[in-house]
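S.K.: below is the sequence, then the predicted model.
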Amino acid sequence: MRKTRLAAAVAVAFPFAFLAHAQDTAAPVKDLGMVTITGGQPTSLPTQIPTTTEGITGAQVEQSVNATDSEDALKYFPSLLVRKRYVGDYNHAILSSRASGTGNSARSAVYADGILLSNFLGNGVGGLSFPPRWGMVTPEEIDRVDVMYGPFSAAYPGNSVGAVVDYVTRMPTQLEGHAKVGYVLQPFDLYGSDETLRTWQASASLGSKAGDWSWWFNVNRTDSESQPLTFPTRVVSATAATPGVPVTGAVPARNPASVPIYYLGAATRYHSVQDHAKIKLAYELTPTVRAAYTFGAWQNTATNRPESYLRNAAGAPVTSGPIAINGANYAALTGADLPLTDERLTHFMHGLSVKSRTRGTWDWELAASHYDYARDDKRQNAVSNTLPAAASGGAGTLADGSGTGWTTLAARGTWRPQGERGAHVVDFGAQQESYVLAYRTSTIAGNYLNDAAGPLASDVGGRTRLQSLWAQDAWRFAQSWKAVLGGRAEYWQAYSGFTRIPGAAPAVNTDWPERSESHFSPKAAVSWQWRPDTVLKASVGRAVRFPTVGELYGASSTANAQFINDPNLRPERSWTGELSAERDLGHGLLRLTLFGERTRDALYTQTVFDSVANRNVSRVQNVGRIVTSGLELAYNGNDVFMRGLDLSGSVTLADSGIRENAGFVSVPGDTIGKRQPNIPRLRAALLASYRWTPQWSTSAGARYSGQQFRTLDNSDVNGNTYMGVSRFFVVDLRARWQVNETVAAAFGIDNVNNDRYWNFHPYPQRSYVAELKADF
């Protein structure tokens, strides 16, 4: 029941906030359009959030979203997209936002219980891959997810320029247990591939509170099969002189530049088995001071086994050597066309915090976290080692990323000189983030599947460190007015960078010089309660996104991919602003936001296919100036038109273009005036959920994205193909039945209309999802 218009606004801004189970995770409170965080749980959020926020609870996710991974909770948020290609996607599921595309993972920040999950060792997926570590949170753990748009809080580094995502996971107040199993079935039909892919999931959790102690333990296993993600090609006109074996099965198509090509097979077909375990402990040192520790472990065993579409006259698969298609000869198939990979990854996460919650004059928090690549191995066949022999061994490489990771330290305080409802609430703090990259690739002459590392092929690494001081004052200077004024001072260092490539001509053995820079980023926001049901807000902030250690030093090369680093990259500098109007309609909250961003020296990694080398080549660079402006309309309501009907939806219009750039793709000036990659002009989302009875609920969701480009010169005019980026319209369905107090079942269909859409790789086709859950 709504008691006041303010209470209604809070309820719809954070759906199901008043349905949360009994535990110490107080829902955010909205006042004069700004959000106050009051819970005692660890979180990355400051006490005062000065800008646009959206939120969802675990209860709503469970009711209305087919969530197989934690990032699925964001599926219908305004202006957000996670490039998730399959269940358990561990190396490409990058978050994009209003003015940051799916190639810019370092322009958004993801946290869980105050622990950094975003992988700021690099940006995007060129060479190595740097998506957030979504696997450290399972959907069953989620208590609440909040998203803050833009770099308007001084509490965050410049990586927050796109968005900040903050997960709060469960911490029970009494004994409780949960178990869940899930199954996903995806029939997939594309080019010469026609197969049915399956995923199994199982999870269990147990937690309780006894006296001053509370604890939570969660385990999860995901056994998933991905659709084919990459496809070897030959350009129809690129014939060869060497006679080839006549083959059938090549699939004629056009590449992103609309050049005629043949698809020869399906590669990067993952079978991934992932295990997750987490334990959380909390102890009440005093009635107002809590200590919390989190340990997370994630391991992944992933194999990739490609297949050839080509058949010889006898009907046998052709996987090597020169080929002839329709009477024309083409370059030989190699291990770069049909690569085999075996990956073994074991990562650990630690988080420790001590936090007071007096809500009096002073509160404080100390926090530390560490993310460790304890094991990170990737074995791959050599170019000369082709199928079928490569399936059982032969020459290859071993890439070892162990020793890579990051550590964060933070101290922050809150000062309320006139009490919790006084005119001023001051947040302030000091932070340090340290990143280490260590990536060594060795050749193996015997059996790449099992043998130890052989002679060094390349060894790259380095370190970066960011030290920051920040403060912001939430100032209610009149009854209907509130402002948040703040600033962030940052000192950045890059050091101990090195590149060793003994087999290059000439050999490379370079120690890069140390670098450092200092920057200050001011922030400001103001809100006005214009009418009893309408709030107007304005926010502006500067953000500095420093080059990552991977962009500076992370050169890498495999049989089918190469990344070219640049140790002299400049930091990107952005000014971002927004104007918002929020109106309480009684049954929901309607928001209209005008946003804009001006970025200089934008850091971009572009991947192009080198047909001569027969591999993807990625290069990082600064882009002179990118300008983005747009409009976002969002609505969120409960019991809309009738009791039990909840609606949320959004439409975003964006115009994002390159205004200055000394660099180019083919000829000087070919990027000027072009659209920023991976930012569509129009995107929209809608989610409707209806509670038919206390036991039955159904939901329908829809997602749309307009045309976009992947390249800086917008030469990829054909988005409906491998390496293209297409428009899409996807409809999802879900039904949930609470069988009894203990057991619930759900069935859903994602992409029910079976749209075939692309973001470099193909997205999943129609997928069927089934779940069975027990709560004790």
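M.R.: Arrived safely, thanks for sending. Values in this document were obtained by computation on a predicted structure and should not be read as measured data.

S.K.: can you map out the strands along the stretch 201-350 of the chain?
M.R.: Ranges of strands in the stretch 201-350 of the chain, per DSSP state E, counting those that start in this stretch, are 213-225, 233-235, 245-247, 251-254, 260-263, 265-266, 270-286, 289-304, 307-308, 321-325, 328-333, 341-356.

S.K.: low-scoring stretches of the protein, by residue?
M.R.: Scanning the chain for pLDDT under 70 picks out 1-42, 47, 50, 126-127, 556-563, 607-617.

S.K.: at 50 instead, please
M.R.: Scanning the chain for pLDDT under 50 picks out 1-24.

S.K.: wait, residue 465 sits on residue 431?
M.R.: No: the criterion here is Cβ atoms under 8 Å, and residue 465 misses it with residue 431 at 10.9 Å. The way it works is simple: take the backbone N, C-alpha and C, and place the C-beta from them, glycine included.

S.K.: most tightly surrounded among the strands of the stretch 201-350 of the chain?
M.R.: strand 265-266 (a mean of 26; mean count of other Cβ atoms under 10 Å).

S.K.: surely residue 371 and residue 121 touch.
M.R.: No: taking contacts as Cβ under 8 Å, residue 371 lies outside contact range of residue 121: 9.4 Å.

S.K.: tell me the buried residues in stretch 428-441?
M.R.: 428-429, 431, 433-441 (16 or more other Cβ atoms under 10 Å).

S.K.: could you do stretch 450-468 as well?
M.R.: Of all the residues in stretch 450-468, those buried under the rule 16+ other Cβ under 10 Å are 451, 453-454, 457-468.

S.K.: and stretch 300-315, end to end?
M.R.: Start-to-end span of stretch 300-315 (Cα to Cα, to the nearest Å) is 36 Å.

S.K.: oh, that last question was meant for stretch 121-141, not what I typed.
M.R.: So stretch 121-141: terminal residues 26 Å apart, Cα to Cα.

S.K.: renumber starting at 17 from here on
M.R.: Sounds good: first residue 17 from here, last item stretch 137-157.

S.K.: quick one: the helices in the protein, in order.
M.R.: Applying DSSP state H to the chain gives helices spanning 21-29, 74-80, 565-569.

S.K.: so what's the closest residue to residue 591 other than its chain neighbours up against?
M.R.: Nearest non-adjacent residue to residue 591, counting by Cβ to Cβ, 6 or more residues apart in numbering: residue 614, 4.9 Å away. Applying Cβ atoms under 8 Å, 6 or more residues apart in numbering to residue 614 gives the contacts 590-592, 641-644.

S.K.: how about these, which pair is most distant?
M.R.: Taking Cβ to Cβ, the two most distant members of the contacts of residue 614 are 592 and 641; they sit 14.1 Å apart.

S.K.: of the two, give the one with the bigger neighbour count.
M.R.: residue 592 (26 against 15; other Cβ atoms under 10 Å).

S.K.: residue 147: how many residues sit nearby?
M.R.: With neighbours defined by other Cβ under 10 Å, the count for residue 147 comes to 26.

S.K.: hmm, it is touching residue 109, no?
M.R.: Yes: between residue 147 and residue 109 there is a contact under Cβ under 8 Å: 4.8 Å.

S.K.: ok, back up a step: show me the buried residues of stretch 466-484 that map onto strands.
M.R.: Using DSSP state E, the members of the buried residues of stretch 466-484 that fall within strands are 473-484.

S.K.: contacts only, for the closest residue to residue 758 other than its chain neighbours.
M.R.: Spatial nearest neighbour of residue 758, excluding adjacent residues (Cβ to Cβ, 6+ apart): residue 790 at 5.5 Å. By Cβ under 8 Å, 6+ apart, residue 790 lies in contact with 194-196, 758-760.

S.K.: the same query, at a cut-off of 7 Å, please.
M.R.: By Cβ atoms under 7 Å, 6 or more residues apart in numbering, the residues touching residue 790 are 194-195, 758-759.

S.K.: who is it paired with across the strands?
M.R.: Beta-bridge partners recorded for residue 790 (DSSP bridges): residue 195, residue 759.

S.K.: cool, residue 324 as well?
M.R.: residue 281.

S.K.: so how far is residue 392 from the residue nearest to residue 244 when sequence neighbours are not counted?
M.R.: Leaving aside its chain neighbours, residue 244 sits nearest to residue 282 (3.5 Å; criterion: Cβ to Cβ, 6+ apart). In this view, residue 282 and residue 392 are 26 Å apart by Cβ to Cβ, to the nearest Å.

S.K.: would you mind measuring from residue 354 to residue 348?
M.R.: Taking Cβ to Cβ, one finds residue 354 at 12 Å from residue 348.

S.K.: swap that for residue 596, sorry
M.R.: 58 Å.

S.K.: can you check residue 331 too?
M.R.: Distance of residue 331 to residue 348, given as Cβ to Cβ: 21 Å.

S.K.: same question for residue 462.
M.R.: For residue 462 relative to residue 348 (Cβ to Cβ), the value is 24 Å.

S.K.: one more: residue 464?
M.R.: Separation of residue 464 from residue 348 (Cβ to Cβ): 20 Å.

S.K.: how about stretch 523-536 as PDB, C-alpha atoms only?
M.R.: C-alpha atoms of stretch 523-536 as PDB (Å, rounded to 0.1, in the frame of the first residue of the first chain):
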ATOM      1  CA  ALA A 523      64.200  -9.900 -31.400                       C
ATOM      2  CA  VAL A 524      62.300  -7.700 -29.000                       C
ATOM      3  CA  ASN A 525      63.600  -7.200 -25.400                       C
ATOM      4  CA  THR A 526      62.200  -3.900 -24.100                       C
ATOM      5  CA  ASP A 527      61.700  -2.400 -20.700                       C
ATOM      6  CA  TRP A 528      59.300   0.400 -20.900                       C
ATOM      7  CA  PRO A 529      59.900   3.700 -19.000                       C
ATOM      8  CA  GLU A 530      57.800   4.500 -16.000                       C
ATOM      9  CA  ARG A 531      55.000   7.000 -16.500                       C
ATOM     10  CA  SER A 532      52.800   9.100 -14.100                       C
ATOM     11  CA  GLU A 533      50.000  11.600 -14.300                       C
ATOM     12  CA  SER A 534      47.800  13.600 -12.000                       C
ATOM     13  CA  HIS A 535      44.300  14.800 -12.600                       C
ATOM     14  CA  PHE A 536      41.400  16.400 -10.800                       C
END
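
S.K.: how about the strands in the stretch 467-616 of the chain?
M.R.: 472-494, 497-517, 524-527, 531-547, 550-561, 572-573, 577-580, 588-600, 604-626.

S.K.: the fifth one: which residues count as buried?
M.R.: It refers to strand 550-561. Neighbour-count burial for strand 550-561, with 16+ other Cβ under 10 Å as criterion, is recorded at 551-561.
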